[in-house]
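Enquirer: compute the structure for the input listed below.
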Amino acid sequence: MKLRLHHINLATDNVDRMDAFYRDVLGLRTETSGLPVLEKNKGYAGDVAFVTDGAIQTHIAEKDVQAGFRAGQIVNPVARGHIAYRTDDLNGFIAHLEARGVPYSNWEHAAVAGWRQIFFYDPDGNVIEVHEVSDDP
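Expert: Predicted coordinates for the structure are as follows:
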C-alpha cells in the first residue's frame, strides 16, 4: 500500500479570483491532464479550477458547507478544503485506519467518477482524502 501526495484542495467563495491568484502570483499553470470527472448530481456541484506546478495539482473548489449532508457523509471535504493522497490499495488503507480506530467517511464515487474516495480528520481537524483510481462506476 503506497501513498503519494496528489493534490491540495482549497475551498473558496470566488473560484475565478483564486485561480487568477495562483496562476498570476505563484506562476502555476492550468492543469489539463489527469483531471477528475466531477459527479455533479451526487452531492457536490460547485465550480472547480485546476492548476499545477507540474508535479502536484491544486484544486480550487467552490466552498459548499452542505455537500456532506447532501452526500450523506459526516466529513465535508469542500467546506474548508483538504489535502489528498492517492493509494494503490484503498481497501488496505481502510483496514489500516480501522485498526487504529480512525473514523472516516466513505464517499466511494459520490464526488468523482472513477475515484474511490475516503475522507477523515487529522488530530487538529484538517480534512485528509485518500483515493484510489478505479474503473468501477
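Enquirer: could you use CA atoms for every contact and neighbour count after this?
Expert: Fine.
Enquirer: which helices and strands does the helix or strand hosting Phe119 pack with?
Expert: Per DSSP states H and E, Phe119 falls inside strand 115-121. If you count contacts as 3 or more CA pairs under 8 Å, 6 or more residues apart in numbering; DSSP states H and E, strand 115-121 packs onto strand 105-108, strand 127-133.
Enquirer: buried set for the shortest one?
Expert: Going by neighbour count (16 or more other CA atoms under 10 Å), the buried part of strand 105-108 is 105-108.
Enquirer: quick one: strands adjacent to that strand?
Expert: Strand 105-108 sits in its sheet next to strand 115-121 (antiparallel), going by DSSP bridges.
Enquirer: ok, now which ones touch the residue nearest to Asp89 when sequence neighbours are not counted?
Expert: Nearest non-adjacent residue to Asp89, counting by CA to CA, 6 or more residues apart in numbering: Met1, 5.3 Å away. Met1 makes contact with 87-90, 92-93 under the criterion CA atoms under 8 Å, 6 or more residues apart in numbering.
Enquirer: CA-only coordinates of the longest strand anywhere in the chain in PDB, if you can.
Expert: Using DSSP state E, we find that the single longest strand of the chain is strand 3-12. C-alpha atoms of strand 3-12 as PDB (Å, rounded to 0.1, in the frame of the first residue of the first chain):
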ATOM      1  CA  LEU A   3       0.600   6.800  -0.600                       C
ATOM      2  CA  ARG A   4       1.700   9.800  -2.600                       C
ATOM      3  CA  LEU A   5       0.600  13.400  -2.400                       C
ATOM      4  CA  HIS A   6      -1.800  14.000  -5.300                       C
ATOM      5  CA  HIS A   7      -3.500  17.400  -4.700                       C
ATOM      6  CA  ILE A   8      -4.300  20.200  -2.300                       C
ATOM      7  CA  ASN A   9      -7.900  21.400  -2.300                       C
ATOM      8  CA  LEU A  10      -8.600  25.000  -1.400                       C
ATOM      9  CA  ALA A  11     -12.300  25.900  -0.700                       C
ATOM     10  CA  THR A  12     -13.300  29.400  -1.700                       C
END
